[in-house]
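[1] here's a sequence, model it:
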Amino acid sequence: MPYFAQSICRCVATLLLALVLAVAAQAQGGRRTDILLYQRPILPLFVGIEGGYGQWTNEASFTVTDSKLPCALFTDGEGTGPVGGVKGMLYFNRWFFFSPRIRYETRSGTFLTPLPDEPVRDEANAIVQLSQEAQVDATMATFTFDPLVGIEIARTGLYLCGGPSASLLLDGSYDYTERIKSPSRFTYVATGTTEQGLVDGASFQQYQQFAFDLRGGAGFILRIGKFGLNPEVFYSFPLTSALASPDKLKQTGIVGTFSILYNLGE
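    All right, here's what the predicted structure looks like:
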C-alpha cells in the first residue's frame, strides 16, 4: 500500500480509537460519582447511520478513446447519486462538537459534446452535413472520510459544521455513445437507429487514487429520548482533481442526508 494511503488509514484508525475511548470515558465518568465532589456534566455523544442523495457538477477536461484512437474531448457535465454511511457527533461542551463521518458516495456523471459536422450523401445523392453529438456516461464512486467540527446554535438543535474531506476513489469507468442530431432521417448502419454505443465499461486512463474537498453545511437534531433525527445539507468544494494532468475532473456537490442517531452520552 502506498505511504500516503497508509497515512490516511492511520489517521482514520486514530480518530475512531479516540471516539471509542471517549465513549468509555463518558460511561466511567457517570459511574464514579462517589469519589467526586460534584458530578461533571455528561455531554451528548451521538452515533448512527445516514443516507441521502447528491447532485454533482463536474468541471472537466478529458478525452476518451475507442481502440486507442481519440473519440472526443469533453469539458463539463452533471450527475447524481445516493450516499450512505455512519456518523458520530461528540460534544466537547454544550455547543461545540466533533463529527466524523465515513460514507460511500456515488458520483456518476453525464457529459455531452458536439462532434465536427461530416459531409455525407442523402438518398437523392445530394451532399448534406451530418450533425452528431457524443455522450459519456461515467460511473464513479468514493469511500469518503469527513472529520468535521460544528457549532450548535443556542442549544436549539440547529447547527453549522465544516471541515476537510478525504476520498478513496473506488471506480472510474465510462460508456461512450454517439448520436445523430440531424438530418433525423439518417441512422447508423450498425444499429439501425440514430444512436450507437462504441465503448462499454472502459476505465479512465488518468484516474487517481485520492481526492480532497472542503465541506460545509447545516443541520438540525430533533431529540426524542435517547434518539436523534438529523436532516442535514452540505456543500462540497473540490481541492483536487479525480483525473491526473493533463486531464481534469473536479466535482462540486450539494448533498442532502438524513440520519438516525443514538445518544451514548447524557
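[2] so what does the helix or strand containing residue 81 touch, helix or strand wise?
    In this structure, residue 81 sits in strand 69-91 according to DSSP states H and E. In terms of contact count using 3 or more Cβ pairs under 8 Å, 6 or more residues apart in numbering; DSSP states H and E, strand 69-91 is assigned the packing partners helix 3-31, strand 45-66, strand 96-106, strand 109-121, strand 127-152, strand 248-263. (Glycine included, C-beta is placed from N, CA and C.)
[3] dump those into CSV; add distance to residue 84 and mean neighbour count as well.
    Written out in CSV, the entries for the helices and strands packed on strand 69-91 read as follows (distance: least, Cβ to Cβ, whole Å; neighbours: other Cβ atoms under 10 Å):
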stretch, distance to residue 84, mean neighbour count
helix 3-31, 17, 12
strand 45-66, 4, 18
strand 96-106, 6, 20
strand 109-121, 19, 14
strand 127-152, 11, 18
strand 248-263, 9, 19
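[4] looking at these, which has the lowest confidence?
    Among the helices and strands packed on strand 69-91, helix 3-31 has the lowest mean pLDDT, at a mean of 49.
[5] may I have the phi/psi pair for residue 200?
    Main-chain torsions, residue 200, degrees, to the nearest 10: phi -130, psi 120.
[6] again, but for the one 5 residues further on
    When read as degrees, to the nearest 10, the backbone of residue 205 gives phi -70, psi -30.
[7] and the angle for the strand holding residue 81 with strand 45-66?
    Computed by axes from the mean of the first three to the mean of the last three Cα atoms, to 10 degrees, the angle separating strand 69-91 from strand 45-66 equals 180 degrees.
[8] may I have strand 69-91 as PDB, with CA atoms only?
    What follows is strand 69-91, C-alpha atoms only, in PDB (Å, rounded to 0.1, in the frame of the first residue of the first chain):
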ATOM      1  CA  LEU A  69      -8.000   6.400 -31.100                       C
ATOM      2  CA  PRO A  70      -9.300   9.700 -29.600                       C
ATOM      3  CA  CYS A  71     -13.100  10.000 -29.900                       C
ATOM      4  CA  ALA A  72     -14.000  13.400 -28.400                       C
ATOM      5  CA  LEU A  73     -12.900  16.000 -25.900                       C
ATOM      6  CA  PHE A  74     -15.400  16.500 -23.000                       C
ATOM      7  CA  THR A  75     -15.500  19.500 -20.800                       C
ATOM      8  CA  ASP A  76     -18.300  19.800 -18.300                       C
ATOM      9  CA  GLY A  77     -21.200  17.600 -17.100                       C
ATOM     10  CA  GLU A  78     -23.700  16.800 -14.300                       C
ATOM     11  CA  GLY A  79     -24.700  13.800 -12.300                       C
ATOM     12  CA  THR A  80     -26.500  12.500  -9.200                       C
ATOM     13  CA  GLY A  81     -26.200   9.500  -6.900                       C
ATOM     14  CA  PRO A  82     -27.100   8.100  -3.500                       C
ATOM     15  CA  VAL A  83     -24.800   8.300  -0.400                       C
ATOM     16  CA  GLY A  84     -24.800   6.300   2.800                       C
ATOM     17  CA  GLY A  85     -22.600   5.600   5.800                       C
ATOM     18  CA  VAL A  86     -22.100   6.200   9.500                       C
ATOM     19  CA  LYS A  87     -21.500   9.300  11.500                       C
ATOM     20  CA  GLY A  88     -20.800  10.500  15.100                       C
ATOM     21  CA  MET A  89     -21.300  13.800  17.000                       C
ATOM     22  CA  LEU A  90     -19.000  14.100  20.000                       C
ATOM     23  CA  TYR A  91     -19.800  17.200  22.100                       C
END
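[9] quick one: that strand to strand 127-152, angle?
    Angle of strand 69-91 versus strand 127-152, following the same axes, to 10 degrees, is 10 degrees.
[10] what residues are up against the closest residue in space to residue 255 that isn't next to it in sequence?
    Sequence neighbours aside, residue 54 is the residue nearest to residue 255 in space, at 3.9 Å (criterion: Cβ to Cβ, 6 or more residues apart in numbering). Taking Cβ atoms under 8 Å, 6 or more residues apart in numbering as the contact definition, residue 54 lies against 80, 81, 82, 83, 105, 106, 107, 236, 253, 254, 255, 256.
[11] alright, calling it a day.
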